[in-house]
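> Here is a sequence with its predicted model. Questions after.
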Amino acid sequence: MLLPSFSIIIPTYSRPEQLAACLEAIARLDYPRERFEVIVVDDGSLSPSESVVASFSSRIEAKSLREHHAGPAAARNKGATCAAGDFLVFTDDDCLPDRDWLRAFAQHFMATPDYLIGGRTLNALPDNLYSAASQAIIEVVYEHFNAPGDALFFASNNFAVPAETFRQVGGFDENFFTSEDREFCDRWTCRGYRMTYAPEALIHHAHPLGLGTLWRQHFGYGRGAFRFHRLRRLRDGTRINPDRKFYFQLLRYPSVTEKGHRAVALTSLICWTQLASTAGFAWEMITHRPELSTASAQTQKPMV
């Protein structure tokens, strides 16, 4: 039986070492080389990534495109416009897929070819408490919002989707510089399409963080959350309804999974991230930048 064909799309920005490590992991995938391609979209790096991509040309079918620093949503969309695979797989340049990554997606698509399939992400830097705190939030989000057979959210560093349906839905909203995956998943399910979790489609996320970078990351998520909720309200009148059970689960998570000082430290850092998200949300609410047009909120045109 012919295996599904995939286009792996990777946005990148000024991280040649991480990109090389990502491509090395992809070059070691246990999947027929003629059944997948890699599309790297450079989002305006000062040092273009073409040479990094070219160094893998003898091992995998890989090509490099260039965008003018329009953000990861625009970079992913650009990659999708020239993808030849039946299914698109999105990951990031700081992610290291397991050898069976594509086989796991293929198994699910052969059973449910019209679904969005989300894989599992593990923290590749467990000794970095800041990265561990960020990973803990993802773990709780997936556990809380992705019931078996009825998932609601997957991060764009590890999900796969039918190429034609992705284009019909309109791709990622390029008004979003963070939380574009949250908006896309919401629009996907609102259109009547379904999602499911494939934890065996595994990647390792090697994203070192410090106190300041953790704040900036979640401040950005807060800004994206404001734009997301504003978009939903313009679209169908949906208002923010904080999920108290989720936040209780989030604050409790370190005490369940860790012990002693590490549990206390992770709890403190999770509180730090939520303060940063609240600050980002408030900042966006006050400034209203970037503005989202009503037309963009009400409809998403198909990609061409």
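Looks like it arrived, so ask away.
> From one end of stretch 120-129 to the other, what's the distance?
20 Å (CA to CA, to the nearest Å).
> buried ones in that stretch?
120, 121, 122, 123, 124, 125, 128, 129 (16 or more other CB atoms under 10 Å). Where you see a C-beta, it was placed from the backbone N, CA and C, and this is true even at glycine.
> Quick one: residues in contact with it.
Stretch 120-129 is contacted from outside by 95-96, 131-132, 134-135, 138, 142, 155, 157-158, 197-209, 262, 265-266, 269, using CB atoms under 8 Å, 6 or more residues apart in numbering.
> what's the spacing between the host helix or strand of residue 197 and its chain's center?
Assigned by DSSP states H and E, residue 197 belongs to strand 195-205. Mean-position distance between strand 195-205 and its chain equals 11 Å (CA atoms, centre = their mean, to the nearest Å).
> Count the neighbours of residue 218 for me.
25 (other CB atoms under 10 Å).
> Any buried residues in the strand or helix carrying it, and which?
Here residue 218 sits within helix 211-236, counting by DSSP H and E. Neighbour-count burial for helix 211-236 flags 214-215, 217-232, 234-235 (criterion: 16+ other CB under 10 Å).
> Against which helices or strands is it packed?
Packing partners of helix 211-236 (3 or more CB pairs under 8 Å, 6 or more residues apart in numbering; DSSP states H and E): helix 129-145, helix 180-190, helix 260-287, helix 294-298.
> burial count for residue 57?
10.
> Residue 88 too?
Neighbours of residue 88 using other CB under 10 Å come to 25.
> same check, this time on the one 4 residues further on
The burial count assigned to residue 92 is 23, neighbours taken as other CB under 10 Å.
> Same check on residue 172?
Residues near residue 172, counting by other CB under 10 Å: 25.
> ok, now the one 10 residues further on?
Other residues within reach of residue 182, judged by other CB under 10 Å, total 21.
> Next, the contact list for it, please.
Neighbours of residue 182 in contact, by CB under 8 Å, 6+ apart: 153, 224, 225, 228.
> Roughly how far does it sit from residue 56?
Counting by CB to CB, to the nearest Å, the separation of residue 182 from residue 56 is 31 Å.
> by contact count, what packs against the strand holding residue 197?
Strand 195-205 packs on strand 95-97, helix 101-111, strand 116-123, helix 129-145, strand 150-151, strand 158-162, helix 180-190, going by 3+ CB pairs under 8 Å, 6+ apart.
> Kindly compare burial across the ones you listed and name the winner.
strand 158-162 (a mean of 26; mean count of other CB atoms under 10 Å).
> Do me a favour and average the pLDDT over that strand.
Average pLDDT, strand 158-162: 98.
> Name the residues that touch it?
Applying CB under 8 Å, 6+ apart, the set of residues contacting strand 158-162 is 6, 86-91, 95, 105, 109, 113-114, 116-121, 181, 188, 201, 203.
> Go through the very next helix or strand once past it and flag the buried ones.
Downstream of strand 158-162, the first helix or strand assigned by DSSP H and E is helix 163-169. In terms of neighbour count (16+ other CB under 10 Å), helix 163-169 has its buried residues at 163, 165, 166, 167, 169.
> likewise stretch 61-68?
61, 62, 64, 65, 66, 67.
> In the stretch 101-250 of the chain, where is pLDDT below threshold?
Applying pLDDT under 70 to the stretch 101-250 of the chain picks out no residues at all.
> what kind of secondary structure is the residue nearest in space to the middle of the chain in?
Centrality entry for the chain: nearest residue to the mean C-alpha point is residue 156, 1.7 Å, by CA atoms, centre = their mean. The three-state assignment at residue 156 reads coil, by DSSP: H, G, I helix; E, B strand; the rest coil.
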